[in-house]
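> Here's my sequence, what's the structure:
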Amino acid sequence: MAYTDWAASTAFVLGDVRAATTQQASGLVFRCTTAGTSATTEPAWPTDIGSTITDGTVVWTAISSVYVELSKLAPSAIVELFELHLNSTLHGSSDIFRWHNGANADVTGNIVWNGNAYTRLPVKAEGFEYTNTGTLPRPTLTVANLSGSITALLLEVNLTTTGNDLAGAEVRRIRTLKKYLDGEATADPNAAFPEEIWYVDRKATETRDVVSFELASKFDLAGIKLPKRQVVANICQWKYRSSECGYTAPFYFDAGDVPVTSSADDVCGKRLGSCRTRFDDVVTTGAVIAGSTSMTLDTALLAIEEGLTVIGAGIPSGTIVSSTNATRDVITLSAAATGTTFVTVNGTVQSSDPIKMVVADATGLSVGMEISGTNILSGTLISAISGTTITMSQPPKIDAFTNAGTFVGQLGDIDGNNGEYIYAPLFDVLDTGQYVTGPGLSTTVYSRVTAEYFRLLGHRVSCNSESGICNYSQRYTIDPPGQASGQRNVTFTKYNAVAQPTRSYTFSLSNKFTFIKSTGLPFGGFPGAGLLR
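Residues are numbered from 1 along each chain as shown. Model prediction:
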């Protein structure tokens with residue numbers, strides 16, 4: 001196929017392939033791997049397969065250099081190169097032998113590609129085709145032996161390595177185009193088909209004329225076990241404090257993962273728990289004060305060390321441990337805390353508007369702190385701060401009330417079954433902060449009136465301050481019973497909350513802090529079948 005040239009200011013989708021507007025010496029074309037719109041000017045295209053380039057909001061990845069050439073009507077000849085890599089352990093040498101057969105390119109001598117010389121030699125390679133039968137191919141490589149050079153190589157290897165006939169040697173099959181060979185005008189060491197790597201499984205034939213080898217993939221070699229090391233769940237097989245283990249911290253633990261003070265007693269238990277003790281993030285409780293770089297921990301921890309990243313309430317992003325005291329229960333942070341963990345201060349709930357509290361001193365208080373104290377409902381938070389007045393996320397319980405008079409309203413029905421409502425023509429006699437009771441309302445609780453709604457224990461009533469209609473969000477019993485529909489006059493008693501006493505309240509942020517280990521587990525996980533996280 002022929003590829004369309006790149007275009008400026010054009011939307012490209014994932015998978016689009018484009019060629020440069022001018023011929024590239026490498027012959028690379030480029031696949032869109034991040035969709036977007038191209039820039040107004042053409043980018044400087046990369047020259048290596050797999051390299052990426054950002055073009056406006058598009059990201060292009062360079063793909064096989066031979067694609068463009070092969071799409072031509074008369075492409076350049078394909079040249080097949082072979083490399084035989086010996087293994088010093090198996091063959092007593094690490095020599096590399098390079099050949100080409102010159103068949104396609106009609107080359108009569110040696111050729112050079114990527115700086116390596118390949119000797120012209122009759123070589124026949126077949127059986128590389130992959131099928132869907134479920135078995136891997138086992139190609140055959142046949143090399144001319146008229147000069148006896150291959151027999152001589154076998155004799156040398158067999159004298160050194162007890163006769164393995166090059167078994168285990170690596171064979172590389174490289175295919176490129178004649179135009180990319182060294183010395184050509186368009187020489188390119190990166191222009192090649194994907195390289196194939198095979199291994200000599202056995203010598204199939206040896207005669208005066210030829211020597212044939214049967215090749216196999218790395219997964220299909222006789223006597224090879226995969227994985228080479230048996231994986232046992234939750235049992236580490238790495239050497240403790242080695243390069244593969246990666247643990248180098250100056251903190252010591254015995255085989256039971258109990259902290260010890262001497263390196264002589266430092267022994268790994270080889271369990272998943274042992275890895276957690278040494279590598280996992282440290283989570284503990286403590287306290288900080290806004291503006292201070294000091295953190296006090298509730299428990300001394302040997303695993304706390306300089307350089308660990310600290311996260312938690314009141315800790316600025318990017319804060320690390322600058323230093324610790326000798327017992328590691330007082331930490332110096334690299335940045336001052338922006339919040340205080342615990343603040344205890346006197347405050348007075350406002351009877352006129354119980355959702356507000358006036359405190360003696362707001363220093364250290366911040367929005368989001370949890371409030372605890374007498375009559376404060378669980379989960380109450382600071383939602384706003386203005387001077388020494390704080391607004392709570394929900395009002396507290398009220399100690400007592402005083403009778404403030406009565407008013408007459410009407411009790412009606414919405415659609416007969418969707419819930420009753422109160423219609424109060426004299427709505428203006430109710431003031432914010434007052435409470436009411438009456439027929440249909442519980443006689444044991446009060447409903448607080450605000451500018452927008454009544455709040456009962458167990459009920460919520462929304463009000464329209466202009467019409468005076470207050471709609472319950474749930475049904476209540478009508479007194480007298482048996483009158484489910486129709487409006488009727490009812491008398492309501494209103495109350496005022498009495499002045500609340502000044503009490504001591506505690507305001508707190510989360511006191512849980514996490515110290516993130518900078519190293520982490522090697523390879524991202526435990527070497528057994530278990531995982532750290």
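> Helix or strand with the lowest mean pLDDT in this protein?
strand 453-455 (a mean of 29; mean pLDDT, DSSP states H and E).
> Okay, and the beta partners of F82?
W99, R173 (DSSP bridges).
> the longest helix in the protein is where?
helix 149-160 (DSSP state H).
> And that helix, what's buried?
Buried residues in helix 149-160, counting neighbours by 16 or more other CB atoms under 10 Å, are found at I150, L153, L154, V157. For glycine as for every other residue, the C-beta is placed from the backbone atoms N, C-alpha and C.
> Give me the mean pLDDT for stretch 48-61.
Per-region confidence: stretch 48-61 scores 90 on mean pLDDT.
> quick one: buried residues of that stretch?
In stretch 48-61, counting by 16+ other CB under 10 Å, buried: I49, D55, G56, V58, V59, W60, T61.
> gap between it and the chain center?
24 Å (CA atoms, centre = their mean, to the nearest Å).
> Would you mind writing the CA trace of that stretch as CSV?
Output of stretch 48-61 as CSV, limited to C-alpha atoms (Å, rounded to 0.1, in the frame of the first residue of the first chain):
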residue,chain,number,x,y,z
ASP,A,48,14.8,5.1,14.8
ILE,A,49,12.0,2.5,14.9
GLY,A,50,9.9,2.9,18.0
SER,A,51,10.9,6.6,18.6
THR,A,52,8.1,9.1,19.2
ILE,A,53,7.5,12.7,18.2
THR,A,54,4.8,15.1,19.5
ASP,A,55,3.1,17.0,16.7
GLY,A,56,0.6,19.6,18.1
THR,A,57,-1.6,17.3,20.2
VAL,A,58,-0.7,14.2,18.1
VAL,A,59,2.0,11.7,19.1
TRP,A,60,3.5,9.7,16.3
THR,A,61,5.6,6.5,16.7
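> which one of the buried residues of stretch 48-61 sits closest to I371?
Minimum separation from I371 among the buried residues of stretch 48-61 (CB to CB) is found for V59, which lies at 50.4 Å.
> Specify the beta-bridge partners of the closest one.
Under DSSP bridges, the beta-bridge partners of V59 are T34, T54.
> contacting residues for it?
C32, T33, T34, G36, T52, I53 (CB atoms under 8 Å, 6 or more residues apart in numbering).
> before we move on, what about L166?
L166 neighbours (CB under 8 Å, 6+ apart): L84, L86, H91, L153, L154, V157, V200, K203, F213.
> now with 7 Å?
H91, L154, V157, V200, K203, F213 (CB atoms under 7 Å, 6 or more residues apart in numbering).
> nearest to K178, of these?
F213 (26.7 Å).
> In its sheet, which strands sit next to the strand or helix carrying the closest one, and in what direction?
Using DSSP states H and E, F213 maps to strand 210-216. According to DSSP bridges, strand 210-216 forms sheet pairs with strand 140-144 (antiparallel), strand 196-206 (antiparallel).
> Quickly compare the ones you listed and say which is most buried.
Ranked by mean neighbour count, the strands paired with strand 210-216 are led by strand 140-144 with a mean of 19 (mean count of other CB atoms under 10 Å).
> Tell me which residues are up against that one.
By CB under 7 Å, 6+ apart, strand 140-144 touches 121-127, 150, 171, 204, 210-215.
> can you check stretch 368-383 too?
Outside stretch 368-383, the residues that touch it by CB under 7 Å, 6+ apart are 365, 367, 390-394, 396-397, 503-509.
> Distance to S292 for the strands paired with strand 210-216 - can I get that in a markdown table?
Formatted as a markdown table, the strands paired with strand 210-216 follow (distance: least, CB to CB, whole Å):
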| stretch | distance to S292 |
| --- | --- |
| strand 140-144 | 74 |
| strand 196-206 | 61 |
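> Same list, those strands, but as TSV with distance to G273 and mean pLDDT please.
TSV is the format used below for those (distance: least, CB to CB, whole Å; pLDDT from 0 to 100):
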stretch	distance to G273	mean pLDDT
strand 140-144	52	92
strand 196-206	41	90
